[in-house]
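Enquirer: generate coordinates for the sequence data below:
(one chain, ligands or ions: 2)
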Amino acid sequence: MREVFLANRVRRLADELGVAIMAHNYQIPAIQDLADLVGDSLVLAMGGPRLAQRTVLFCGVSFMAETVKVLAPEKRVLHPVPDAMCPMAGMVDPVILEGLRKESPGAPIVAYVNTTAETKAASDICCTSANAVEIVRGLPEKRVIFVPDRNLGAYVQRMVPEKEVVTYPGYCHVHDNITPGHVAALRRAHPGVEVLAHPECRPEVIDVSDHVYSTEGMIRHARDSPSGEFIVLTERELAYRLTAVTGKRAYAPDAVCPNMKKITLASMLRVLTEDGPTVELDPDLIVRARRPIERMLAAGR
Ligand code: 13P
Ligand code: SF4
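Expert: Numbers count the residues shown, from 1 in each chain. Ligands and ions are numbered 1, 2, ... in the order given. Predicted structure coming up:
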């Protein structure tokens, strides 16, 4: 009851103030339901600049809110909980990248979007989980450095064997904690149901899955498939989103991203009422961080 009341107040206030609400697929159902745009990292990165509203309330972790600001610096980006940080994004920084460049001279650095603006600015091109394979495949160099996710890097190497992918030992604890044992238990509970894995999962989990997709890719696959049920190896809220979009059933392991869950309806109401905090980035950093993201978008993948 309190949730419905809060959700209505947030929606009404956002409309009165002319604020667009963006939410990642891992946000709680009540936030997904009231957002103007819900999606994976790629959908949100591309969608932010296209929104008509000058102010955006971003519901997700801080690197995603930063990406909106980098691609649409003219917008005010409200982020309700600035310390909602992706721990994986904190595992690399420009100094580490400099060391990696010295170890592999001439190899471009591909930075997953799950990185800070500073790390992006020190990289050559970005990718998301939706386009990592195509981005690496399209680079002219044979050897590429991939940061920070060792699991996504290993998946890219598996899919692009003609390249030499130098990985870094970063990981997402939410996906890395999913084991083949969890997959076996889900398959036992839901016999015959297809398993869709996020590429942030470990290689041994990818081995026992049927398909690998970004969160949005999982939804597209479910929509286009004749099947009515899916096992999704990713953060549990994706199951709600998949059902909301496709009307089909989805089962996820009990994987929760605590940083995504720092965004609450109460914090959204507060940020709207107080008109802050907003994402603030140095103009020079915006210019430098935009280059590798735009290079990714220009690759059209
Ligand atoms: P996508 O939603 O882009 O698949 O990424 C998943 C993720 O873990 C983002 O933090
Ligand atoms: Fe980061 Fe993993 Fe949470 Fe995504 S799910 S924000 S990669 S910790």
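Enquirer: C-alpha from now on. contacts and neighbour counts both.
Expert: Will do.
Enquirer: who does the helix or strand of the chain with the lowest mean pLDDT touch, helix- and strand-wise?
Expert: Taking mean pLDDT, DSSP states H and E as the measure, the helix or strand of the chain with the lowest value is helix 41-47, at a mean of 90. Packing contacts for helix 41-47, counted by 3 or more C-alpha pairs under 8 Å, 6 or more residues apart in numbering; DSSP states H and E, involve strand 19-24, strand 37-39, helix 62-71.
Enquirer: just the strands in the stretch 51-200 of the chain please.
Expert: Using DSSP state E, counting those that start in this stretch, the strands of the stretch 51-200 of the chain run over 55-59, 76-78, 109-112, 125-127, 143-147, 164-167, 194-197.
Enquirer: what's the following helix or strand after the last one?
Expert: Following the chain from strand 194-197 toward its C-terminal end, the next helix or strand by DSSP states H and E is helix 203-207.
Enquirer: contact partners of whatever helix or strand comes next after that following helix?
Expert: Sequence-wise, the next helix or strand downstream of helix 203-207 (DSSP H and E) is strand 211-212. The contact list for strand 211-212 (C-alpha atoms under 8 Å, 6 or more residues apart in numbering) reads 195, 196, 197, 198, 199, 206, 218.
Enquirer: just the pLDDT for the nearest residue to residue 142 once chain neighbours are set aside.
Expert: Spatial nearest neighbour of residue 142, chain neighbours left out: residue 163 (5.0 Å); criterion: C-alpha to C-alpha, 6 or more residues apart in numbering. Looking at residue 163, its pLDDT is 98.
Enquirer: burial count for residue 258?
Expert: Look at residue 258: counted by other C-alpha atoms under 10 Å, it has 12 neighbours.
Enquirer: one more: residue 220?
Expert: 15.
Enquirer: so does the strand or helix carrying it get close to ligand 2?
Expert: Per DSSP H and E, residue 220 falls inside helix 215-224. No: Helix 215-224 lies out of reach of ligand 2 by C-alpha under 6 Å from any ligand atom, never closer than 10.4 Å.
Enquirer: so residue 145 sits against residue 108, correct?
Expert: Yes: the criterion here is C-alpha atoms under 8 Å, and residue 145 meets it with residue 108 at 6.1 Å.
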